[in-house]
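Enquirer: here you go, sequence then predicted model.
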Amino acid sequence: MAKQTSPYDPSTEGARTDFSDQMSYGDYLSLDAILTAQHPQSDAHDEMLFIIQHQTSELWMKLAIREISAARKAIHGGDLRPAFKMLARVSRIFEQLNNAWDVLRTMTPSDYTTFRDALGPSSGFQSYQYRLIEFMLGNRNHAMLRPHAHREDITEMLKAELATPSLYDEALCLLNAEDGIEVPADVLNRDVSAPYLADDAVIAAWQKVYSDPGKYWSLYELAEKLVDFEDYFRRWRFNHVTTVERVIGFKRGTGGTGGVSYLKKMLEVELFPELWRVRTAL
Ligand code: HEM
Ligand SMILES: N[C@@H](CC(=O)c1ccccc1NC=O)C(=O)O
């Protein structure tokens, strides 16, 4: 007969068990707030998946914003090593977001239509953290402020970002600070709130860096970190549009856009245009 053993009790080796007046795991992480923040608008089984997918994406975006903001500050101060670490982390965050589409893809059009109407006019198009990330990276379109007009605090925050040099503006400023490399004054002194337009002289400046990586190693590494990040960002956009086509076909979006047609147009956006164009010149 098998010997009867009682379940192991971790408190015998000192595991703490009394949190009546000490901070516990749930206290530290505010789990009561997070785990009671799911409010499905229907009885559909898949709506919880949809909500948690978006909430976790917003949490990762919160971290990405913090890292991009700190990286931009470090680049501004010429302190590249911490900036590299933070940009590498942002790429990994987007890799995480890219992998998360695999979970959402388990939701079929039949599943989604059971609760799509309950979403009303709400849409990811109104994600202010997503818009902030786009603005920080330099994709600055004032029309994207409009869905936030009903929230003065968010509008102010997004407008403040539009008035701040983007991550790429800071990279170009550093590029210009390098001996023997020049970025045109009209690029450096541009209206930072306007969309960035590719410039041939900036391609030439990056070309110097890529033609002699040993001499310009820090700028070379910075450029590659930015390209790496844009690569992951493009993959996020592509995964999104492919999932959308798979789930709603060519229906209009709840946000009012053409849906897939709008998202395909967004695939054309280039964040760091000269870093892609310089490759043709090498
Ligand atoms: C079945 C899943 C999804 C569908 C069918 C869907 C559909 C759409 C559509 C049609 C748009 C265009 C705007 C509109 O008219 O509504 C859009 C935009 C957007 N969605 Fe989704 N989406 C899905 C999942 C997600 C997820 C998981 C996220 C992550 C946060 C997300 C974030 C966004 C963002 C940020 C935009 C604005 C993109 C831009 O302006 O470039 N969506 N989505
Ligand atoms: N735009 C989607 C709805 C949607 O996906 C959505 C709705 C509310 C909150 C987040 C969403 N995700 C991305 O747009 C649709 O047209 O079905």
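Expert: Yep, it's here. Residues are numbered from 1 along each chain as shown. Ligands and ions are numbered 1, 2, ... in the order given.
Enquirer: what's the neighbour count on whichever residue of the stretch 101-250 of the chain sits closest to ligand 1?
Expert: For the stretch 101-250 of the chain, the residue closest to ligand 1 is residue 124, as judged by C-beta to the nearest ligand atom, at 2.2 Å. Where you see a C-beta, it was placed from the backbone N, CA and C, and this is true even at glycine. By the criterion of other C-beta atoms under 10 Å, residue 124 has 15 neighbours.
Enquirer: give me the number of residues near the residue nearest to it when sequence neighbours are not counted?
Expert: On the basis of C-beta to C-beta, 6 or more residues apart in numbering, the spatially nearest residue to residue 124 that is not a chain neighbour turns out to be residue 130, at 6.8 Å. By other C-beta under 10 Å, the residues close to residue 130 number 18.
Enquirer: any idea how far residue 241 is from residue 130?
Expert: Plainly put, residue 130 is 14 Å away from residue 241 if you go by C-beta to C-beta, to the nearest Å.
Enquirer: the strand or helix carrying the residue nearest to residue 124 and ligand 2 in contact?
Expert: In this structure, residue 130 sits in helix 128-137 according to DSSP states H and E. No. Counting by C-beta under 6 Å from any ligand atom, ligand 2 is not contacted by helix 128-137; separation bottoms out at 9.4 Å.
Enquirer: contact partners of the helix or strand following that helix?
Expert: Reading on from helix 128-137 to the C-terminus, the next helix or strand found by DSSP H and E is helix 152-162. Residues from elsewhere that reach helix 152-162 (C-beta atoms under 8 Å, 6 or more residues apart in numbering): 128, 131-132, 135-136, 140, 142, 144-145, 148-149, 192-193.
Enquirer: let's see it at 7 Å
Expert: Surrounding helix 152-162, the residues in contact under the criterion C-beta atoms under 7 Å, 6 or more residues apart in numbering are 128, 131-132, 135-136, 140, 145, 148-149, 193.
Enquirer: near ligand 2, which residues of this protein show up?
Expert: Neighbours of ligand 2 within the chain, by C-beta under 6 Å from any ligand atom: 54, 116, 119, 122-124, 248, 253-255.
Enquirer: flag the shaky bits of the chain, pLDDT-wise.
Expert: Within the chain, the stretches falling below the threshold (pLDDT under 70) are 1-3.
Enquirer: what residue is smack in the middle of it?
Expert: Centroid-nearest residue in the chain, with C-alpha atoms, centre = their mean: residue 61, separated by 5.1 Å.
Enquirer: quick one, what contacts it?
Expert: When contacts are counted by C-beta under 7 Å, 6+ apart, residue 61 touches 129-130, 133.
Enquirer: what comes up buried for the helix or strand where it lies?
Expert: In this assignment (DSSP H and E), residue 61 forms part of helix 47-76. Taking 16 or more other C-beta atoms under 10 Å as the neighbour-count basis, helix 47-76 is seen to contain the buried residues 47, 50-51, 57, 60-61, 64-65, 67-72, 74-76.
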